[in-house]
Structure formats: structure tokens, C-alpha cells
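Novice: Everything below, folded, please.
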Amino acid sequence: MASVGAALPKLPFEIIPEAPFYIPATGPATRPRRTLKHDDTFLVLDSHGDVGASAGGADGLFHCDTRFLSHLELLLNGTQPLLLGSNVRDDNTQLTVDLTNPDVYF
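Specialist: From the prediction side, this is the model:
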């Protein structure tokens with residue numbers, strides 16, 4: 001019969017606590033859409049400022065009902081930057097996007 005106060009066996013690995021401020025380098029499959037407009041021209045893009053980079057919408061640059069741009073994506077060393085925040089001006093003429101690079105290992 002095992003005693004209640006018996007020591008647990010030592011595990012062959014060490015549990016390392018997760019960093020308290022770690023931001024994972026992955027994101028959701030779809031991103032919220034933003035729209036900019038001026039006269040007969042409008043732009044539908046995602047919260048990262050990319051056009052057509054994620055599924056879920058008819059992104060693009062449109063003028064007089066014709067799409068002139070269907071894909072525009074910013075990549076850093078082949079990887080999408082991480083979104084810190086984005087905001088559209090009240091008059092829908094400017095999108096400000098704050099991005100940072102993901103983890104880089106050498």
C-alpha cells in the first residue's frame with residue numbers, strides 16, 4: 001500500500017512558464033474589413049492594410065464600378081507582420097495601420 005506522503009517521481013522534462021507578454025505570430029483566417037472612399041473611388045481592404053490577403057470578401061480598389069486592384073500584400077522576409085492596431089479616419093479617407101515584425105530567429 002502506497003503511503004500518502006510519498007514523493008512523486010521526477011519527470012524527464014522541465015516545464016518552462018510562458019512569457020507573460022508573448023504575442024503569438026499567428027492570426028485568424030479572416031480579418032475585419034476597412035473601407036476608404038473618395039468621390040467615385042473606393043478601397044476595400046483588411047485591418048492590416050492588405051487587399052485580398054485573407055478569405056472572406058471582395059477586396060480591391062474600385063473606380064466607377066471597375067476593380068483596378070485585387071491583391072496587394074505586405075510581407076517582411078516572406079511573413080505577414082503582426083497587427084498592433086488600425087484605425088480609419090472619421091471621413092473614411094485615411095487608414096492608419098501599426099504593424100510589427102514577428103519573431104525572427106537566426
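Novice: so which helix or strand takes in residue 31?
Specialist: Using DSSP states H and E, residue 31 maps to neither a helix nor a strand.
Novice: got a list of what the residue nearest to it when sequence neighbours are not counted touches?
Specialist: Closest residue to residue 31 apart from its sequence neighbours, by CB to CB, 6 or more residues apart in numbering: residue 46 at 3.9 Å. Backbone N, C-alpha and C define where each C-beta goes, glycine included. Shown in contact with residue 46 (CB atoms under 8 Å, 6 or more residues apart in numbering): 31, 32, 33, 34, 53, 54, 57, 59.
Novice: Turn those residues into TSV, columns for secondary structure and neighbour count.
Specialist: As requested, the contacts of residue 46 are arranged in TSV below (DSSP: H, G, I helix; E, B strand; the rest coil; neighbours: other CB atoms under 10 Å):
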residue	secondary structure	neighbour count
31	coil	19
32	coil	13
33	strand	14
34	strand	19
53	coil	17
54	coil	19
57	coil	15
59	coil	23
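Novice: I'd say residue 86 and residue 96 touch.
Specialist: Yes. Assessed by CB atoms under 8 Å, residue 86 is found in contact with residue 96 at 6.6 Å.
Novice: For those two, indicate the residue with more neighbours.
Specialist: residue 86 (18 against 10; other CB atoms under 10 Å).
Novice: Show the model's pLDDT score for that one.
Specialist: Per-residue pLDDT puts residue 86 at 92.
Novice: Against residue 48, how distant is it?
Specialist: Computed as CB to CB, to the nearest Å, the residue 86 to residue 48 distance reads 7 Å.
Novice: between those two, what contacts are shared?
Specialist: By CB under 8 Å, 6+ apart, residue 86 and residue 48 have these common neighbours: residue 97.
Novice: What strand or helix carries residue 84?
Specialist: Taking DSSP H and E as the definition, residue 84 sits inside strand 82-88.
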